[in-house]
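Student: Coordinates for the following, if possible.
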Amino acid sequence: MSSTQSRIAELAATVATHTNRIDSYLSKKGLPYPSFGADGPSDLNLPPEIEQSRRAVLEASQELNDLLQGPRNLLSNHEVSQPATLSEANLALWLAHEVPLDGEITYEDLAASAGVDCAALRRVLRFGIASRVFREPRPGVIVHSAPSKQIAEDPRMADWVGSNVDDMWPSAEKVVDALVKWPMADEPNETGFSLANGTSKNFYNKLFDDPERARRCGGSMSCFTTSAGYSLSHLTDNYSWDSLENGTVVDLGGSHGDTAFALARKYPKLHLVVQELPEVVANSKEEPGLDVKFMTHNLFEEQPIRGAEVYLYRWIFHNWPDKYCVKILKALTPALKKGSRVLIMDFVMPPPCVLPNSAERKLRAMDLTMLEVGNAKERDLDEWKSLFEQADRRFAFKGVQRPQGSNLAILEATWEG
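Tutor: Got it, this is the predicted structure:
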């Protein structure tokens, strides 16, 4: 038996073993089984030990699928499906609210409602159906599938799909052209996004020109970050906040204060300040009984709060190229006292081929997305250390920890100047 055959058998056994565990758990608990039907559960909410089995099945079945396709089909399927997938996503956004949530509609009525040719609509819809988006329970009739119903019912999911279709995918298409035009790839406004949008503005400033586009991007990020892997508890529960007693924590780029409020609820002695751009502060509200204040501040400018115990950046640095991250840290240094801590909560990239392949694909895709829209990046540990060294050698890098279950790690440096 060749090594490839042996691996096939091994993967098949893994799928069978862990699928049986999941099936047994759902049966014993009387829980609904996964389904492509519109009434299928949107989230299985499995306990940790069964969730491990779910991930094992996904990882093994993905590798099994890739192996059995062979290299030619693996390459051609990826290449051919990209424009079709874009059509499918556009279609789902367009028609999700035209198909009754709990009913059905014919192709003819759907085409009339959308104002397009029925034959063309049928062709595109049937590709979506092959990809589990919408269903055709009998010839000529369309109903929702679980994924299409998610788009119809969850505005954040619709925002996520729309942002990918209109903002991310066109940027990806132009990333090579951008690298040819701007080979240093170190300015946030010299990107695939810049070319796709015909703009000299960076991603965030361009979005601010269109309030609806900016709102959709915010909804997309909310959809992306509401999973357990991005829970604020990973930050509140896995750092020695108690040791600060009644110290001051400055949350730079803290948006509308979710992180600061979570810390204030658990550690009421802390004094917290959220720093953001004027338009964000204008739409933020303090909460009675919580010591959280909002302040207008651009993180590239000199830090006005001097001598705080902690300066926190949660998922900020991955939005910027290296030289801008160094500029952010340099802007902080005049305010630091000896022992001030800089906490960064962000991705830490592992070496290649260490993570399970499905997890690595997602992380590498995120890294490329940051390149496409801002020449930004996800960094490995050495790259994080380098940022502090470039900013000022009086920073002492103390280490990194990734709380169990968290997608983001906590990096810490102290000021020794």
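Student: C-alpha only now, for contacts and for neighbours.
Tutor: OK.
Student: By mean pLDDT, flag the weakest helix or strand of the chain.
Tutor: Across the helices and strands of the chain, mean pLDDT, DSSP states H and E gives its lowest value to helix 48-95, namely a mean of 75.
Student: Can you name the next helix or strand after that helix?
Tutor: For helix 48-95, the succeeding helix or strand toward the C-terminus, using DSSP states H and E, is strand 105-106.
Student: Tell me how far that next one lies from the chain's centre.
Tutor: In terms of Cα atoms, centre = their mean, to the nearest Å, the centre of strand 105-106 is found 35 Å from the chain centre.
Student: Can you list the buried residues in stretch 144-162?
Tutor: Going by neighbour count (16 or more other Cα atoms under 10 Å), the buried part of stretch 144-162 is 144-152, 156-162.
Student: How about stretch 310-319?
Tutor: Buried positions in stretch 310-319, judged by neighbour count with 16+ other Cα under 10 Å: 310, 311, 312, 313, 314, 317, 318, 319.
Student: now swap in stretch 291-301 and tell me
Tutor: Neighbour counts over stretch 291-301 (16+ other Cα under 10 Å) mark 291, 292, 293, 294, 295, 297, 298, 299 as buried.
Student: try stretch 347-361
Tutor: For stretch 347-361, burial by neighbour count (16+ other Cα under 10 Å) applies to 347, 348, 349, 360.
Student: Could you tell me which of those residues belong to helices?
Tutor: Members of these lying in helices (criterion: DSSP state H): residue 360.
Student: With pLDDT and distance to residue 406 as extra columns, can I get the buried residues of stretch 347-361 in a markdown table?
Tutor: Output for those, formatted as a markdown table (pLDDT from 0 to 100; distance: Cα to Cα, whole Å):
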| residue | pLDDT | distance to residue 406 |
| --- | --- | --- |
| 347 | 96 | 10 |
| 348 | 97 | 11 |
| 349 | 96 | 13 |
| 360 | 89 | 15 |
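Student: so which of the buried residues of stretch 347-361 comes closest to residue 399?
Tutor: Nearest to residue 399 among those is residue 348, at 11.7 Å by Cα to Cα.
Student: Quick check: that closest one vs residue 409, distance?
Tutor: Going from residue 348 to residue 409 by Cα to Cα, to the nearest Å gives 6 Å.
Student: Equivalent analysis for residue 295, please.
Tutor: Going from residue 295 to residue 409 by Cα to Cα gives 26 Å.
Student: and residue 311, bridged to which residues?
Tutor: Going by DSSP bridges, residue 311 is paired in beta bridges with residue 250, residue 342.
Student: Double-check it against residue 337; I have them as touching.
Tutor: No - using Cα atoms under 8 Å, residue 311 is not in contact with residue 337; the gap is 11.4 Å.
Student: shared neighbours of those two, anything?
Tutor: Overlap of the contact sets of residue 311 and residue 337 (by Cα atoms under 8 Å, 6 or more residues apart in numbering) is empty.
Student: Distance check, the residue nearest the centre of the chain against residue 407.
Tutor: Centroid-nearest residue in the chain, with Cα atoms, centre = their mean: residue 224, separated by 4.5 Å. Look at residue 224 and residue 407: by Cα to Cα, they are 12 Å apart.
Student: can you check residue 198 too?
Tutor: 34 Å.
Student: So for the two, which sits in the more crowded spot?
Tutor: Legend: neighbour count by other Cα atoms under 10 Å for residue 198 and residue 407, higher for residue 407 (19 against 9).
Student: Now do the contacts for the closest residue to that one other than its chain neighbours.
Tutor: Spatial nearest neighbour of residue 407, excluding adjacent residues (Cα to Cα, 6 or more residues apart in numbering): residue 229 at 4.9 Å. Residue 229 makes contact with 405, 406, 407, 408 under the criterion Cα under 8 Å, 6+ apart.
Student: Can you tell me how far residue 229 is from residue 408?
Tutor: Counting by Cα to Cα - residue 229 and residue 408 are separated by 8 Å.
Student: Ok, residue 103 next?
Tutor: Going from residue 103 to residue 408 by Cα to Cα gives 41 Å.
Student: So those two - more neighbours on which side?
Tutor: Per other Cα under 10 Å, whichever of residue 103 and residue 408 has more neighbours is residue 408, with 23 against 9.
Student: contact partners of the strand or helix carrying residue 279?
Tutor: Using DSSP H and E, residue 279 maps to helix 278-282. With Cα under 8 Å, 6+ apart as the test, helix 278-282 has contacts from 255, 256, 275, 294, 295, 296, 297.
Student: for stretch 238-251, same thing?
Tutor: Contacts of stretch 238-251 (Cα under 8 Å, 6+ apart): 260, 267, 269-275, 308-314, 403.
Student: any low-confidence regions in the stretch 51-200 of the chain?
Tutor: For the stretch 51-200 of the chain, the stretches flagged by pLDDT under 70 are 71-88.
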